[in-house]
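S.K.: From the sequence below, what's the structure:
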Amino acid sequence: MSSVKKWIAVLIAAQTLPAIATEGPRLTETMAVCAGRMSAEMEFAWLRSDPEADRLEEQRRRFVEILEALGPATNAMEQLAMRIDAKMAHAGLLTTAHFGTDKARSAWAKRHAVLQRKTCQNMLLES
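M.R.: You can find the predicted model right below:
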């Protein structure tokens, strides 16, 4: 992605988030969380041989590029921890949604996983 596209993506993301999330650290945190969620979605798609895996991988890559475009992380370890925490939490939702034995809990997990994925995807410009 060109640097111009990266900055446009950052600006669009900032406009689509609630006002409180557009403050510097909050935008970085939001992008890190979305990168983590998309990592979980991508890996889950790989495991199921889902044809959407490539698209999800591209979306994850775009969130990482947006993070890089926001500038150097003041605390790279903290940012990585946010990505990992989000990935693990989202993977838990996906696992419960697809393999859980409690139907109500599985339905809840599926709704929340879809909502979280779509919230992140809505921040990206489609090319």
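
S.K.: Using the three-state scheme, assign the residue nearest the centre of the chain.
M.R.: Ranked by distance to the mean C-alpha position of the chain (CA atoms, centre = their mean), the top residue is C34 at 2.1 Å. Look at C34: counting by DSSP: H, G, I helix; E, B strand; the rest coil, its state is helix.

S.K.: Not counting its neighbours along the chain, what's nearest it?
M.R.: Nearest residue to C34 in three dimensions, chain neighbours excluded: C120, at 3.7 Å (CB to CB, 6 or more residues apart in numbering). Where you see a C-beta, it was placed from the backbone N, CA and C, and this is true even at glycine.

S.K.: host element of that neighbour?
M.R.: helix 103-121 (DSSP states H and E).

S.K.: ok, and what's touching that helix?
M.R.: By CB atoms under 8 Å, 6 or more residues apart in numbering, the residues outside helix 103-121 that reach it are 33-34, 37-38, 41, 59, 63, 90, 92-94, 96-98, 100.

S.K.: Hmm, V64 and C34 touching each other?
M.R.: No: when contacts are counted by CB atoms under 8 Å, C34 is not listed as touching V64 (9.7 Å).

S.K.: what's the burial count for R62?
M.R.: By other CB atoms under 10 Å, the residues close to R62 number 24.

S.K.: Where in this protein is the helix or strand with the lowest mean pLDDT?
M.R.: Lowest on mean pLDDT, DSSP states H and E among the helices and strands of the chain sits helix 3-16, with a mean of 53.

S.K.: Next, N122: phi, psi?
M.R.: Note on N122: its backbone torsions stand at phi -70, psi -20 [degrees, to the nearest 10].

S.K.: oh, I was asking about L125
M.R.: Main-chain dihedrals, L125, degrees, to the nearest 10: phi -80, psi 130.

S.K.: Next, count neighbours for it.
M.R.: 12.
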